[in-house]
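A.B. asks: I'd like to go over a predicted model; first the sequence, then the structure.
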Protein chains: 2
Amino acid sequence: MAQITLKDIAKALNLSPSTVSRAMRDHPAISKKTRKIVKDYAEAHKYKPNRLALQLRTNKNNTIGVIVPEIVHYFFSTVLDGIQQETESEGYNLLISHSNEDYEREVKCVETLLDARVCGILVSQSKTTVKYDHFQEILDNNVHLLFFDRICTGINTDKVVVDDYAGAFTAVEYLIESGCRNIAFLGSVPSMPISNNRRMGYEDALRKHKIAIDKKLIEVCDTVELAKKVIPEMLKLDPVPDAFFCINDEVAAYCIQIAKSLGFMVPEEVSVCGFTNSYITEVTYPRLTSVDQYGVEMGKVAARLLINRIEGREKKEGVVSRVIKTELVVKESTKPVQSIAQRY
Amino acid sequence: MAQITLKDIAKALNLSPSTVSRAMRDHPAISKKTRKIVKDYAEAHKYKPNRLALQLRTNKNNTIGVIVPEIVHYFFSTVLDGIQQETESEGYNLLISHSNEDYEREVKCVETLLDARVCGILVSQSKTTVKYDHFQEILDNNVHLLFFDRICTGINTDKVVVDDYAGAFTAVEYLIESGCRNIAFLGSVPSMPISNNRRMGYEDALRKHKIAIDKKLIEVCDTVELAKKVIPEMLKLDPVPDAFFCINDEVAAYCIQIAKSLGFMVPEEVSVCGFTNSYITEVTYPRLTSVDQYGVEMGKVAARLLINRIEGREKKEGVVSRVIKTELVVKESTKPVQSIAQRY
DNA sequence: GTGAAAGCGCTAACAT
DNA sequence: ATGTTAGCGCTTTCAC
């Protein structure tokens, strides 16, 4: 009942374990006949090589770890999907863990993964992380490390990010060209590069169109809870914002709900734009305009790069940064723009 | 730079590997002094026991595998979240894979997990799976197997399911009590127990209230694509359905969109009820009434049961079935019911 | 209280 | 073309 081993086969066939080992792996020195006998026997008895033994020998296990802030999260799910497709086709196993946006848990995740002796780790940093010792420890253990999306600027290693700046710039410019002038920016904490980069894109779009930047229109608002507090407040401002550029689709979806419940017409009076282009954008009313982040693609690129590093296939010596392009997907929560709709 | 081993410590301290091993694990035969020396040295040099070696020795790796049909899926994400919480706190690693609702891929997932020599597997079956040899193979390999949600009726093993029947019955009865009489059932393929059980609940609720069951109101419609085809057709029926009880929130959300776009008022003319109570229910307009499935709880229960099996802690000999209760969460896509709103 | 030796399943260097 | 031996890192008899 228990799994059969190489030794068992050797004994049964009156061969040595090494011969069996070689036969199984088509070593040229083994005769065709022996090879066939061994393989037939192995197949008949459902022999499976013991990965653990292999791994112990090579002191290398073909497992990659991932740390995401959340699992119940559209964008990260898509990235995980991409990572899985890539790791699977390359024969790697995937250990997935999530920090729940908590620094302490993130540290624990790192420890668990190092403990499991993964050969590489993909990380999207938690919102609350401000110390990087645990990431440094990964490198100290000679384990490959790559950040994606929520990168850590304090550690010099490979990164894959979305083109947050361009995504924001394009979206905000679209809002401007559709006639909006008081565009609010609902972002995340300033320590997050993705938020800062989008804010730069937002500000530069305003500048390009000679619109003054109004601090009152810039707020941290990256969760549903914050949305319920921040958005009603902003809608009391004078002049009232005529557009909201949101850090994610959830906040944007709530923004639509809140604006409508306060009597504003969307998009006629208030335009709303999200970020991610999750399926939520199809079921809001009106359907949500959003910036697609191509999560699956990001996951694939990140995993491929990490695997290349692990296998020593990446030629570039220094740190590599890859950027995934974004795309503004115009739906119904923003006003139309004449004639340039296809520019994006 | 490379990880330090027991042997290294032994050599450095002029001890034997076995003494070091014992000292590290507080073996009583080792003197306090030696223990301290060893532990201090280990700490100072960041010794980490090599899991792979441990696993090879015990021929047991503390890894659990999961197969879900999809990762980018609210309900399964919540289940994974629950599974992870539980496995992590019990010191198990988690290997997550997804079948993408494809039988072939599911078979491959099983092979990969068996290959990785996991000690237990949690499965939610793909929609297209009709042969069960790969599941049987798990058992043949003496690996523990547990189905959750999308159970496989062809294999006799532990299961954790949602109370689909009661969830459907309660929801449909609510629709009836709110005044609906032509209630459509948008389900999944008949081979799926979750769909059949809900249909039983649906039919029994109708029967209880002496409403005839109309086959024209029962359709397979479990994806967005199908929703776009099926729902407009049904809304052309005479009499037109005054309610839709949907197999998941996505179909329900599209149902709202479609009904509204065809000029029906929701919920006044057409009520819509989903299943899962994902965050999507908060951003549809009107907000979606849905049956909460408590995915995190399901994940925790499933993982705990499996771990109990693995560790021989589960006293019950035969197959165990656990049922997670559901809860109807009334929002705005259904009409109000007087005085009994709190019954649920 | 500590050490020597064997072995988990596999492979690779070194025989023959 | 095949066998012997040693060793990956660890634990666990069995000795002393």
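C.D. replies: Yep, it's here.
A.B. asks: OK, contacts around residue A:337?
C.D. replies: A:174, A:177-178 (C-beta atoms under 8 Å, 6 or more residues apart in numbering or on different chains). In short, each C-beta sits where N, CA and C put it, glycine included.
A.B. asks: What distance do you get for the residue nearest to residue A:48 when sequence neighbours are not counted to residue B:157?
C.D. replies: Sequence neighbours aside, residue A:3 is the residue nearest to residue A:48 in space, at 6.0 Å (criterion: C-beta to C-beta, 6 or more residues apart in numbering or on different chains). Plainly put, residue A:3 is 20 Å away from residue B:157 if you go by C-beta to C-beta, to the nearest Å.
A.B. asks: More neighbours: these two, which one.
C.D. replies: residue B:157 (19 against 16; other C-beta atoms under 10 Å in any protein chain shown).
A.B. asks: How many residues are close by the closest residue in space to that one that isn't next to it in sequence?
C.D. replies: Excluding its sequence neighbours, the residue lying closest to residue B:157 (C-beta to C-beta, 6+ apart) is residue B:145, at 4.9 Å. When neighbours are counted by other C-beta under 10 Å, residue B:145 registers 23.
A.B. asks: Show me what the helix or strand harbouring residue B:145 is packed up against.
C.D. replies: Assigned by DSSP states H and E, residue B:145 belongs to strand B:144-148. Applying 3 or more C-beta pairs under 8 Å, 6 or more residues apart in numbering or on different chains; DSSP states H and E, one finds that strand B:144-148 contacts strand B:120-123, helix B:133-140, strand B:158-162, helix B:295-310.
A.B. asks: Identify the residues contacting residue A:161.
C.D. replies: A:148-149, A:151, A:193-194, A:321-324.
A.B. asks: Local confidence estimate at it?
C.D. replies: If you check residue A:161, the pLDDT there is 97.
A.B. asks: With the one 5 residues further on instead?
C.D. replies: Per-residue confidence for residue A:166 comes out at a pLDDT of 98.
A.B. asks: Any stretches of the stretch 51-200 of chain A with poor pLDDT?
C.D. replies: Counting by pLDDT under 70, the stretch 51-200 of chain A shows no low-confidence range.
A.B. asks: quick one: the strands in it?
C.D. replies: A:63-68, A:93-98, A:120-123, A:144-148, A:158-162, A:183-187 (DSSP state E, counting those that start in this stretch).
A.B. asks: Look up how far residue A:277 lies from the residue positioned nearest the centre of chain A.
C.D. replies: By C-alpha atoms, centre = their mean, chain A has its centre lying nearest to residue A:79, at 4.2 Å. Here residue A:79 is placed at a distance of 14 Å from residue A:277 (C-beta to C-beta).
A.B. asks: Close to DNA strand D: what parts of chain A are there?
C.D. replies: A:14-19, A:22, A:27-31, A:33-34, A:53, A:56-57, A:59 (C-beta under 7 Å from any atom of the strand).
A.B. asks: What's the PyMOL line that selects buried ones from these?
C.D. replies: Paste this into PyMOL to select the buried members of the residues of chain A next to DNA strand D, with burial taken from 16 or more other C-beta atoms under 10 Å in any protein chain shown:
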select buried, chain A and resi 15+19+22+30+53+56
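A.B. asks: and the residues of chain A next to DNA strand D near chain B, which?
C.D. replies: By C-beta under 8 Å from any C-beta of the partner chain, the members of these lying near chain B are A:53, A:56, A:59.
A.B. asks: Please look at residue A:21 and residue A:6 and confirm they touch.
C.D. replies: Yes - using C-beta atoms under 8 Å, residue A:21 makes contact with residue A:6 at a distance of 5.7 Å.
A.B. asks: With neighbour numbers in mind, choose between those two.
C.D. replies: Between residue A:21 and residue A:6, counting by other C-beta under 10 Å, residue A:6 is the more crowded of the two (22 against 18).
A.B. asks: how about that one, what does it touch?
C.D. replies: A:17, A:20-21, A:24, A:47, A:49.
A.B. asks: Equivalent analysis for residue A:107, please.
C.D. replies: residue A:134.
A.B. asks: if I look at it, how far off is DNA strand D?
C.D. replies: 22 Å (C-beta to the nearest atom of the strand, to the nearest Å).
A.B. asks: try residue A:160
C.D. replies: From residue A:160 over to DNA strand D the distance is 32 Å, taken as C-beta to the nearest atom of the strand.
A.B. asks: and if you look at residue A:158?
C.D. replies: Counting by C-beta to the nearest atom of the strand, the gap from residue A:158 to DNA strand D is 26 Å.
A.B. asks: Is that residue bridged to anything, and to what?
C.D. replies: With DSSP bridges as the criterion, residue A:158 is bridged to residue A:146.
A.B. asks: ok, it - how many residues close by?
C.D. replies: Residue A:158 has 23 nearby residues by other C-beta under 10 Å.
A.B. asks: That one contacts residue A:305, correct?
C.D. replies: Yes - counting by C-beta under 8 Å, residue A:305 is a contact partner of residue A:158 at 5.8 Å.
A.B. asks: so what sits against both of these two?
C.D. replies: Contacts common to residue A:158 and residue A:305, judged by C-beta under 8 Å, 6+ apart, are A:146, A:320.
A.B. asks: which residues of the stretch 1-150 of chain A fall in helices?
C.D. replies: A:6-13, A:17-24, A:32-44, A:51-58, A:74-89, A:103-115, A:133-140 (DSSP state H, counting those that start in this stretch).
A.B. asks: will you turn those helices into CSV that also has distance to residue A:292?
C.D. replies: Shown next, in CSV, are the helices of the stretch 1-150 of chain A (distance: least, C-beta to C-beta, whole Å):
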stretch, distance to residue A:292
helix A:6-13, 50
helix A:17-24, 47
helix A:32-44, 47
helix A:51-58, 38
helix A:74-89, 10
helix A:103-115, 27
helix A:133-140, 29
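A.B. asks: okay, now the closest residue to DNA strand C within the stretch 201-344 of chain A: neighbour count?
C.D. replies: Nearest residue of the stretch 201-344 of chain A to DNA strand C, counting by C-beta to the nearest atom of the strand: residue A:311, 15.7 Å away. Residue A:311 has 10 neighbouring residues, counting by other C-beta under 10 Å.
A.B. asks: What distance do you get for it to chain B?
C.D. replies: 18 Å (C-beta to the nearest C-beta, to the nearest Å).
A.B. asks: Residue A:248 now?
C.D. replies: Taken as C-beta to the nearest C-beta, the span from residue A:248 to chain B is 12 Å.
A.B. asks: what do you get for residue A:235?
C.D. replies: Counting by C-beta to the nearest C-beta, the separation of residue A:235 from chain B is 17 Å.
A.B. asks: And residue A:136, by the same measure?
C.D. replies: From residue A:136 to chain B the distance is 13 Å (C-beta to the nearest C-beta).
A.B. asks: ok, now residue A:35?
C.D. replies: 22 Å.
A.B. asks: Cool, thanks, talk later.
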